[in-house]
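> Sharing a model that was predicted from the sequence below.
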Amino acid sequence: MILLPVMFLTGLSFVTEQPYSDETQACIDCHSTITPGIVKDWEKSLHSKTTINDALKKEMLARRISITENNSNVSGEIIIGCYECHSQNIELHADNFDHFGYQINVVVSPKDCAVCHPTEVEQYTGTKKFHANDNLTKNPTYHALVKTTTAIKDVVDGEIEISRESEINANETCYACHGTEVKVDGMRIIESDLGEIEVPNLTNWPNQGVGRINPDGSRGACTSCHPRHSFSIEVARKPYTCGQCHLEPDVPAYNVYKESKHGNIFESKKSEMTFDSVPWVVGKDFKVPTCASCHNSLITDENGVVVSERTHNFSSRIWVRIFGLIYSHPQIAKGSTYEIVNQDGLGLPTTFDGRLADGLIDETEQKNRKDIMSGLCKSCHSSSWVSSQLSKIEKVNKEADDIVAAATKLMLHAWEMRIENSENPFDENIENLWVKQWLFYANSIRYATAMMGPDYAAFKNGWTEASHNLQKMNDLIKQKSNK
Amino acid sequence: MILLPVMFLTGLSFVTEQPYSDETQACIDCHSTITPGIVKDWEKSLHSKTTINDALKKEMLARRISITENNSNVSGEIIIGCYECHSQNIELHADNFDHFGYQINVVVSPKDCAVCHPTEVEQYTGTKKFHANDNLTKNPTYHALVKTTTAIKDVVDGEIEISRESEINANETCYACHGTEVKVDGMRIIESDLGEIEVPNLTNWPNQGVGRINPDGSRGACTSCHPRHSFSIEVARKPYTCGQCHLEPDVPAYNVYKESKHGNIFESKKSEMTFDSVPWVVGKDFKVPTCASCHNSLITDENGVVVSERTHNFSSRIWVRIFGLIYSHPQIAKGSTYEIVNQDGLGLPTTFDGRLADGLIDETEQKNRKDIMSGLCKSCHSSSWVSSQLSKIEKVNKEADDIVAAATKLMLHAWEMRIENSENPFDENIENLWVKQWLFYANSIRYATAMMGPDYAAFKNGWTEASHNLQKMNDLIKQKSNK
Amino acid sequence: MILLPVMFLTGLSFVTEQPYSDETQACIDCHSTITPGIVKDWEKSLHSKTTINDALKKEMLARRISITENNSNVSGEIIIGCYECHSQNIELHADNFDHFGYQINVVVSPKDCAVCHPTEVEQYTGTKKFHANDNLTKNPTYHALVKTTTAIKDVVDGEIEISRESEINANETCYACHGTEVKVDGMRIIESDLGEIEVPNLTNWPNQGVGRINPDGSRGACTSCHPRHSFSIEVARKPYTCGQCHLEPDVPAYNVYKESKHGNIFESKKSEMTFDSVPWVVGKDFKVPTCASCHNSLITDENGVVVSERTHNFSSRIWVRIFGLIYSHPQIAKGSTYEIVNQDGLGLPTTFDGRLADGLIDETEQKNRKDIMSGLCKSCHSSSWVSSQLSKIEKVNKEADDIVAAATKLMLHAWEMRIENSENPFDENIENLWVKQWLFYANSIRYATAMMGPDYAAFKNGWTEASHNLQKMNDLIKQKSNK
């Protein structure tokens, strides 16, 4: 073990000395020159300043690790450096390789983070995010949408044909957020500043998608929200993180937030708010919520009374599902949504005429979740305000479902008249308009009320477009049927 | 009256003791636990730190209240707490109710704020924002647009029909910004942490629209821009506030600002600027304007010379109206725009071929307003620069009007040929395209020049779309007339 | 020369005394009242605090001027005030005029900035930005796009006709970013606070476009990125500056950045980063790059090792061109892209079927540029990560080219069938859809991978739109050919 003034490494940012491992010292010796950005970013992290023993000394509510005692191969007396994370569970890691005499995993996975943060990983396991890759690849309906949309088309004799499916396109669109399957395809030689070195040849990489399938077989990427190499709770709590994937036109959560009163005040006053305290104190640390405040953080009041428990199951406080599917519906009970089959045999939680599939949460569970979320709202809003807001959400979801139903009827009409072909519901003009009706317009309308950014229900992908879209579908039907 | 160390309540944020009322103490006793976010937000406000007597001691230019002496029922020696605002004019408030022995208004209205801020409320009264609800409900043309767009449609025998109008949709779109009419529909029982309590049952609530009709009969919501419960001048001066309603695609003021040089510098340097000083000193407090700098704030130079007087009539420095209507035109003299009738009998400031209605401001008043605005520009730009910029705006408004005129001719042509039905100009495909020509594209073109964000005149809802839209309308006419 | 406590002028912002010229004193005497915003902005600049002699004393890597000795008409012992910049090269300036006895240039040009910053101006000279005006006006194909899109159309006998071209529209769209040609059209009298004064009458002004043609015959506007009158390096380095022109839907560089991990961390942590240090130290000053970090700044590591040299040729680190043209292609060797002629005689770097024109950089130069850019990436990413990312970019560019090729085939098919007229490829419906295929959708797809913001390849102007667009084109062809 090395006792070195960390201040030496970092200029003014450090004021105390912390011990760290010989292996981490070896990493830093080269990488502070070769990849200085990584080393400096880590130096600013809590990992570089904290030992497991210190972390365990904190009061329960203030703790940032979820083990109660240290049973790991990491000494409790050193800070968490490069080697401590990149050397876990090496027997599971197909991406482990010999790197100047050290056995290093390229991809640190949730399983590795679970050495100190097991509760968070456990909460995440089995959720929709955890299964985000599976939920596209294993659901035939959604898989068809991915493949059809991203396929390369050609024009042959004046007609559009799919000439080939495109793995790179699928990776750079849907799986960029949902997560790719990262595999090791042998080794390859790369040029480095120290000459040629041999490293694992990773496929479908780089990727930070939430349902990434890692070379150790685990699912997820903690770095989706806690980006390398500072793994900041502050970044994860700011709405920009969620906004990387949850944005218009399909999931306009971030966009609606930005133009809501919450988002306005966040942008106006964020410099006076605190984003890295644990627990996160409503009113004191933050005066308006970010995504994390309502959906997953441990929130207390100033007296330490818990308003909501920390969770990394991001839909566990939500009762209704308002995006990504044709109609709104109760949340699915399991995160493996690809297992859902509706009454018509499609992998969807509702039929085309809105009948619910099995496997959705029941009314008791819906009420539980509403109560948790309402409890959060009531930190800053009166009970009366909150119940009116919930009632609005319910009404608007119904209206949005009805305007999708009208579009669905038009598409079914087009299929009946054999104007377009029902075999693939994603590859023709009227069908594409139908997809926009629910995936863009109805989603936007629902989000606009749920998170109070009304332009997304009005002119921006809202009722203006939803109503116009019906007219477009209607005129196309008339054109294509030569009426 | 209670003399209590406020520091006790707020940790480090306060350093002095301020007296406040028994009633406010009672509010805080419960609500600091029940709705801690509200109490903490108020604690950070000026209201919690200032008495009327102190506020009156400031020099005129630095004053934040507009009474000259205190004739209210609030002691001049206490700070402004919960009860001081929620107990005004109770005889007017249909939403007043007995709350644990106190007569409390749920909705604090501009009339209540006028107890200390009468000039601001007077300035606001009668403006377009004040009448924003009326201007939709009482103008048959605009009311038809609202109702048609947000109505629920069904498909019957392959044809689109309006199945019902939707109050919730109208509330969550147009009236979210324009303001709903909030009424009291009896009382209702809600669950609270202290057991069941009875509260007024408010309809069309929550809402913070600028023309909200309140349960006391007043119009407006100061909280549209000065959000509860800190009522911050800083938030109101930042562009995010205006950007909640004035945003693309219909009123892209905020979006154009964001991509302008002004918006760029605001985002780059805002942390070095001061947003809460009164008066607001050009150059010293801010180096680029926000919406408020040009449209309503009291601006002085460093020597206290007034560059522009404070106003809460937000169009009083604007001579030309560039959004929301078919063609640009001089500002309407009265805020009750629903009273306008054009020469064809429609509730619009111009006819379909551009002739102006009566009731618009004359050239003298236009020049007055140009002079005020130019005076502001000249704080940072040369006279020559400013006059060229004004000339550009005039030219571009004309060009945008002309590209709308072309679309209008196409729609009239479609009506003549009975391809679409003129009875409702908002419910068919070609008509929807026509609406986008003026409501989205021409508006964007005009804003792009007025506020110097050129992409909104080019590729983003500008000339690219306006020119393409004419082609779309033309092809639809040919299709629907079987040419 | 005047030795005056500058602190007197600026309140608290200054702490030292600096000498400045009599002429600048005269400017300030009036303009601190007439245009206080300009004077205050300048006071906050480095110009107001630095003499040439002081600037020359800095170590080479830390220098902000690129002369090695002062051969100018500006004393090395005074700070850089109004007069020092507005009085250079007066014999070249058609916009020079007598202003209360001083010979003043209205428009300070790059040639004037070159008095102290010659290397930067030299780097800029001849680049695509330098020729940005020429590259539209002198390229017949692009000139047709500008003129057709911004022309005023009328409807005559139910048909759309171009009624006139519009210089103001072209200026307020394309040339707002590309730069106008600013000329002097005599003198004009303007009203000022000091009575009538005569000033040069500038045409196509105000404008800050990157390829502006100035009244002294020079090209460019340093103020495009270093806005007046603080000429801040911080503003230029923040992405909002680049985002004024490089934004969706045509060049979504800024938008993709914003929703990338880089952009997320920038917004989350920018208050802890340093944007005005020279050199700019990776890891220490910034933990994620902005546009400037990768494309033009002088970057070193903490030990002063240069990672990349400063350049003001903004494409000199880029090997492939992914926007603005039909297909991706190697960067053009010269910035005067209007000189390119493809094998079919059009002013484009590829033919409609993708064959490359002469005049593009060769593979050696492409590799050189890749190496420079990779070197930057490797400051924070492993070699393996970087090479995989480069490989992705190459693959995606190919896929995007292929989806444009399909649209091009459809348009050529429409031309062959005489459904639309090939004479002007920008003035009919199917042609407009074709333009969107490459100018909006393929560009977005390429940027989404290049800068890691996947929604722009998915739902936001990406594959969803590109695939749908083919269907729209196909249905229009069928409609217009009465199939």
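Structure's in. What do you need?

> With C:Ser388 as the reference, measure out to the residue nearest to A:Tyr142 when sequence neighbours are not counted.
Closest residue to A:Tyr142 apart from its sequence neighbours, by C-beta to C-beta, 6 or more residues apart in numbering or on different chains: A:Leu136 at 5.1 Å. For every residue, glycine as well, the C-beta is placed using N, CA and C. Distance, A:Leu136 to C:Ser388, by C-beta to C-beta, to the nearest Å: 22 Å.

> what about the two, which has more around it?
A:Leu136 (22 against 18; other C-beta atoms under 10 Å in any protein chain shown).

> Which helix or strand contains the more buried one?
For A:Leu136, the enclosing helix or strand under DSSP states H and E is helix A:134-137.

> Next secondary structure element downstream of the helix or strand of chain A with the lowest mean pLDDT?
When each helix and strand of chain A is scored by mean pLDDT, DSSP states H and E, helix A:6-10 comes last, with a mean of 39. Sequence order places strand A:18-20 as the next helix or strand after helix A:6-10, per DSSP H and E.

> What's the mean pLDDT across the following helix or strand past that next one?
Sequence order places helix A:22-34 as the next helix or strand after strand A:18-20, per DSSP H and E. The predicted model assigns helix A:22-34 a mean pLDDT of 95.

> buried set for helix A:22-34?
Going by neighbour count (16 or more other C-beta atoms under 10 Å in any protein chain shown), the buried part of helix A:22-34 is A:Glu23, A:Thr24, A:Ala26, A:Cys27, A:Ile28, A:His31, A:Ser32, A:Ile34.

> Now do the contacts for the residue nearest to the second one when sequence neighbours are not counted.
Looking back up the chat, that one is A:Thr24. Leaving aside its sequence neighbours, A:Thr24 sits nearest to A:Gly81 (C-beta to C-beta, 6+ apart; 2.9 Å). By C-beta atoms under 8 Å, 6 or more residues apart in numbering or on different chains, A:Gly81 lies in contact with A:Tyr20, A:Ser21, A:Glu23, A:Thr24, A:Gln25, A:Cys27, A:Ile28, A:Trp42, A:His47, A:Ser48.

> what's the answer for A:Leu360, then?
By C-beta under 8 Å, 6+ apart, the residues touching A:Leu360 are A:His329, A:Pro330, A:Gln331, A:Ile332, A:Ala333, A:Pro349.

> how far away is the last one from A:Asn342?
If I follow you right, that is A:Pro349. Distance from A:Pro349 to A:Asn342, by C-beta to C-beta: 7 Å.

> What of the fourth one?
Separation of A:Ile332 from A:Asn342 (C-beta to C-beta): 12 Å.

> try the third one
Between A:Gln331 and A:Asn342 the computed distance is 16 Å (C-beta to C-beta).

> Helices of the stretch 101-250 of chain A, start to end?
Taking DSSP state H, counting those that start in this stretch as the criterion, the stretch 101-250 of chain A carries its helices at A:110-113, A:118-124, A:134-137, A:140-150, A:167-172, A:174-178, A:233-237, A:239-242.

> helices or strands up against the last one?
This points to helix A:239-242. helix A:253-258, helix A:291-295, helix C:261-269 (3 or more C-beta pairs under 8 Å, 6 or more residues apart in numbering or on different chains; DSSP states H and E).

> gap between it and the chain center?
Its chain's average C-alpha position is 10 Å from that of helix A:239-242, according to C-alpha atoms, centre = their mean, to the nearest Å.

> give the contact list for A:Arg321.
Listed by C-beta under 8 Å, 6+ apart, the contact set of A:Arg321 reads A:Ser315, A:Ser328, A:His329, A:Pro330, A:Gln331, A:Ile332, A:Pro349.

> so what pLDDT did it get?
In this model, A:Arg321 carries a pLDDT of 98.

> pull the longest helix from chain A.
The longest helix of chain A (DSSP state H) is helix A:383-416.

> Could you export the next helix or strand after it as PDB, CA atoms only?
Sequence-wise, the next helix or strand downstream of helix A:383-416 (DSSP H and E) is helix A:429-436. The C-alpha trace of helix A:429-436 is given here as PDB (Å, rounded to 0.1, in the frame of the first residue of the first chain):
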ATOM      1  CA  ASN A 429     -47.200   5.500 -45.500                       C
ATOM      2  CA  ILE A 430     -50.500   5.300 -43.700                       C
ATOM      3  CA  GLU A 431     -49.000   2.900 -41.200                       C
ATOM      4  CA  ASN A 432     -46.100   5.300 -40.600                       C
ATOM      5  CA  LEU A 433     -48.700   8.000 -39.800                       C
ATOM      6  CA  TRP A 434     -50.500   5.700 -37.500                       C
ATOM      7  CA  VAL A 435     -47.200   5.000 -35.600                       C
ATOM      8  CA  LYS A 436     -46.700   8.800 -35.200                       C
END
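
> got the buried residues for helix A:429-436?
A:Asn429, A:Ile430, A:Glu431, A:Asn432, A:Leu433, A:Trp434, A:Val435, A:Lys436.

> now those in JSON lines, with pLDDT and distance to chain C?
Listed next are those as JSON lines, based on pLDDT from 0 to 100; distance: C-beta to the nearest C-beta, whole Å:
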{"residue": "A:Asn429", "pLDDT": "98", "distance to chain C": "4"}
{"residue": "A:Ile430", "pLDDT": "98", "distance to chain C": "9"}
{"residue": "A:Glu431", "pLDDT": "98", "distance to chain C": "8"}
{"residue": "A:Asn432", "pLDDT": "98", "distance to chain C": "4"}
{"residue": "A:Leu433", "pLDDT": "98", "distance to chain C": "8"}
{"residue": "A:Trp434", "pLDDT": "98", "distance to chain C": "11"}
{"residue": "A:Val435", "pLDDT": "98", "distance to chain C": "8"}
{"residue": "A:Lys436", "pLDDT": "98", "distance to chain C": "8"}
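
> Need the residues touching each of A:Ile332 and A:Asn342.
Joint contacts of A:Ile332 and A:Asn342 (C-beta under 8 Å, 6+ apart) are A:Pro349.
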